[in-house]
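> Give me the fold of what follows.
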Amino acid sequence: MVKAGKARYVGASSMFAWQFCKALYTSRLHGWTGFVSMQNHLNLIYREEEREMLPLCLDQRIAVLPWSPLARGRLARDPGEATPRSGGDAFADRMYDPTADADRAIVDAVGAIAKERGVPRAQVAMAWLLQKPGVTSPIVGAVKPHHLTDAAAAVALKLTADEIRRLEAPYRPHAVAGIGVR
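Residues are numbered from 1 along each chain as shown. Sure, this is the predicted structure:
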């Protein structure tokens, strides 16, 4: 596609690191256009990509573009707060409901830091993501103007080491989630 002029770059999305390694190897072996980005699932309540995919992308100089940076809004509101989307998002329910009790401490930490800083929760969660080595740009599913405002403001919000520790400490490993979650 790139050589034909139909695309500028090639990226990958939502796979295991070993699968991405195979794709990288195969593209290099055949002299094909190399991958420039990985679009993966990463946020404060789903950090499984930190083990293998983030180090791989850093090593191979591949941009990381996380999807669902606010965990389908769970990191941007009080636990249990309903939204029009939250009532009918079966995909999000499959991804996040099984670990909701364990994730509550993370959501609470985001809320506490946001209150201390006087900023919206979304800015804190996005600032954490933007401070992760290798993360180039989260995929922001903006449907309201303030979503863009929060995303832009998160760039300037620098969390302290203590704030990052408070956000990360409650995390418990999750089952690998994504497109194939049942």
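> Pull the contacting residues for the residue most central in space within the chain.
Centroid check for the chain by CA atoms, centre = their mean gives Leu42 as the closest residue, at 2.8 Å. Residues near Leu42 by CB atoms under 8 Å, 6 or more residues apart in numbering: 49-50, 54, 64, 66-69, 129, 132, 135. All C-beta atoms are positioned from the backbone trio N, CA, C, and that covers glycine.
> Which of those are buried, as a PyMOL select command?
One line in PyMOL is enough to select the buried ones among those; burial here means 16 or more other CB atoms under 10 Å:
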select buried, resi 49+54+64+66+67+68+69+129+132+135
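> What is the burial count for Ala4?
Residues lying near Ala4 (other CB atoms under 10 Å) number 6.
> go on, Ile45?
Residues lying near Ile45 (other CB under 10 Å) number 26.
> give the contact list for it.
Shown in contact with Ile45 (CB under 8 Å, 6+ apart): 71, 74-75, 96, 99, 103, 106-107, 171, 174.
> Ramachandran coordinates for it?
Main-chain torsions, Ile45, degrees, to the nearest 10: phi -100, psi 0.
> Could you dump the contacts of Leu42 into a markdown table with secondary structure, pLDDT and distance to Ala122 added?
Formatted as a markdown table, those follow (DSSP: H, G, I helix; E, B strand; the rest coil; pLDDT from 0 to 100; distance: CB to CB, whole Å):
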| residue | secondary structure | pLDDT | distance to Ala122 |
| --- | --- | --- | --- |
| Glu49 | helix | 94 | 20 |
| Glu50 | helix | 95 | 21 |
| Leu54 | helix | 97 | 22 |
| Val64 | strand | 97 | 19 |
| Pro66 | coil | 96 | 14 |
| Trp67 | strand | 94 | 15 |
| Ser68 | coil | 92 | 13 |
| Pro69 | coil | 95 | 9 |
| Leu129 | helix | 96 | 11 |
| Lys132 | coil | 95 | 16 |
| Val135 | strand | 95 | 16 |
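> Let me have the contacts of Leu42 in CSV, extended by distance to Val10.
Conversion of the contacts of Leu42 to CSV gives the following (distance: CB to CB, whole Å):
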residue, distance to Val10
Glu49, 20
Glu50, 24
Leu54, 19
Val64, 15
Pro66, 18
Trp67, 17
Ser68, 22
Pro69, 23
Leu129, 23
Lys132, 23
Val135, 19
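> Among the contacts of Leu42, which one lies nearest to Arg8?
Using CB to CB, Val64 comes nearest to Arg8 of the contacts of Leu42, at 18.3 Å.
> Pairing partners for the closest one in the sheet, please.
In this entry, Val64 is beta-bridged to Met38, Val135, by DSSP bridges.
> That one and Ala154: what is the separation?
16 Å (CB to CB, to the nearest Å).
> How about Ser68?
Taking CB to CB, one finds Ser68 at 15 Å from Ala154.
> For the longest helix anywhere in the chain, give me every contacting residue.
Using DSSP state H to define each element, the chain has its longest helix at helix 100-117. Here helix 100-117 makes contact (CB under 8 Å, 6+ apart) with 44-45, 71, 74-75, 78-79, 96, 120-121, 123-125, 157, 159, 163, 166-167, 169-172.
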